[in-house]
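> Dropping a prediction and its sequence here:
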Amino acid sequence: MQTVEMTPDQLVEELIQNRVLDRSYTYRSLQAFRKDNPFGEAKEFGEFLLQLGQITSYQLGRLLAGEGKRLVVGPYQILNILGRGSLGPAYRAMGRADRGSYVLKVLPLHNQWNIRLARRQTELMSELNLNERIVPFLDVGNSNDQHYLVWPLVEGKTLDKWVMEKGPMPPEEVALLGIQIAETLSICHNIGLVHGFIKPSNVMIGTDKNAKLLDWGVGAILSENNEKFESMLDTISMAVALANMFDCIAPEYALEPETLSALADQYSLGCVLYYTATGTFPFATGTMMDKIYAHQKKSAKPIHQLDPRFPVTLQEIIDRLMSKSPQKRYRRWKDFIEDIRPFATNQFSDSPSEAIGVDIQTPLPSKKPRVLDLLAANVSIPAKTATPLNATPLKTKEGKTANVAPTKSSLSSNQNDSPSTSNSSSSKKESSWWQKLFGS
């Protein structure tokens, strides 16, 4: 990172103006520094503050580059960069009011997206009785002409890293993982909140030995913004975000994102459990188009063929989650949990200590896929399913019908843990999201 010429006094002003440190403390620190370094430079003063633990090396680099304003995003102060996530840079941040630790993702400046829609996701999260397995979508806003999303920072290790380091989980831990994620999804689905972005890098085994789902809110925003293509992601960012979805994407969601539903989450969970049991994805090879076709038409290699010790009955439970037809999957999470519970252990065998709390894997696609590739593969678009009983049809300004997720009060007791199907309907056929995204 290039630096700009500045004096220690100018660095002090950067620290104060960008609210990294308060004025009185910063000036006292400068006086202490000049006692031993009367002619010290700005970089040396910054390193002095770094040794005192008052700023981070990332903050110092930004300040010396004259980019101190990037360290404050709304009510949050950026401390370090965690990596590049599916939506762009992911940072470790501190709440300036509560001093809490958060994961903050900043979207590229030129993106246009629906803040109101994202805010609705945080409002749905606020209705939950949070437990140790739910990592809620806390905040969304804009600051300095950029949009940001916020989640609490949690300690643990993402499932992809866990499997990469330790190898596949034993069957009893695979079953435990399935139960814990299903219980979390059941709670969230009850209030109409669908994840839509489940993959190994979005599942964490916490230091408390609980499985946690990360990046709540992202999948729903990607899906719901698709109809008018008012996506919060531009073409490149969308391609990056989707690159990691294809390994665990439901067949009906792959080609018609407006069909995002609780049943799509169920398919993705099946793929995650398959990966956890085998160390590989159901359809691990090929291009993005190959994977879309495989999820539509092919059957994954049976787990017990990869590991003869894996119980056939447990494999059948996972296979049901991964049914091509949503109607053949479980109708209620309760039924899935009852089926898989006999195979489960009480806790995971090891407890990681690495702080991750964010999906930071973002491999770019090797080449830009085209709709022609998809058509050449003869991939069919699944027929739309019926409108769910617990969805309320509303008319939009354009006169289209949109199904609104139910609230707690509108759910009957026999629907509370049922993965319901939801989709959007229109009298006019919209062009494929692949045509909008990649061109034909």
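The structure has been received and is ready for your questions.

> Arg62 reaches Gln77, doesn't it?
No: using CB atoms under 8 Å, Arg62 is not in contact with Gln77; the gap is 11.4 Å. Every C-beta, even on glycine, is put in place using the N, C-alpha and C of the backbone.

> shared neighbours, those two?
Residues within reach of Arg62 and of Gln77 at once, by CB atoms under 8 Å, 6 or more residues apart in numbering, are Leu71.

> What distance do you get for His189 to Glu316?
For His189, the distance to Glu316 equals 23 Å [CB to CB, to the nearest Å].

> more crowded one of those two?
Set side by side, His189 and Glu316 show more neighbours around His189, with 26 against 13, by other CB atoms under 10 Å.

> Which residue comes closest to the more buried one once chain neighbours are left out?
Spatial nearest neighbour of His189, chain neighbours left out: Ala262 (4.4 Å); criterion: CB to CB, 6 or more residues apart in numbering.

> The one you found: how many residues sit nearby?
28.

> and it, how far is that from Lys328?
15 Å.

> Stretch 301-310: which residues count as buried?
Neighbour-count burial for stretch 301-310 flags Ile303, His304, Leu306, Phe310 (criterion: 16 or more other CB atoms under 10 Å).

> Show me where the stretch 201-350 of the chain has its strands.
203-206, 211-213 (DSSP state E, counting those that start in this stretch).

> got TSV for these, with distance to Tyr91 too?
Shown next, in TSV, are those (distance: least, CB to CB, whole Å):
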stretch	distance to Tyr91
strand 203-206	18
strand 211-213	19
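
> Just put these in JSON lines and tack on mean neighbour count.
Below are those laid out as JSON lines (neighbours: other CB atoms under 10 Å):
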{"stretch": "strand 203-206", "mean neighbour count": "24"}
{"stretch": "strand 211-213", "mean neighbour count": "23"}
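
> Mind checking those strands for the one nearest to Lys291?
For Lys291, the closest of these is strand 203-206, at 19.1 Å, according to CB to CB.

> Parallel or antiparallel, which strands does the closest one pair with?
Paired neighbours of strand 203-206 in the sheet (DSSP bridges): strand 156-158 (antiparallel), strand 211-213 (antiparallel).

> The residue nearest to His189 contacts Asn190, doesn't it?
No: judged on CB under 8 Å, Ala262 makes no contact with Asn190 at a distance of 9.6 Å.

> what is the mean pLDDT for the helix or strand hosting Lys105?
In this assignment (DSSP states H and E), Lys105 forms part of strand 101-106. Regarding strand 101-106, the rounded mean pLDDT is 88.

> name the helices or strands packed onto it?
strand 76-85, strand 88-95, strand 146-152 (3 or more CB pairs under 8 Å, 6 or more residues apart in numbering; DSSP states H and E).

> right, so of the ones you listed, which gets closest to Ala277?
If you check each of these against Ala277 by CB to CB, strand 76-85 wins as the nearest, at 25.9 Å.
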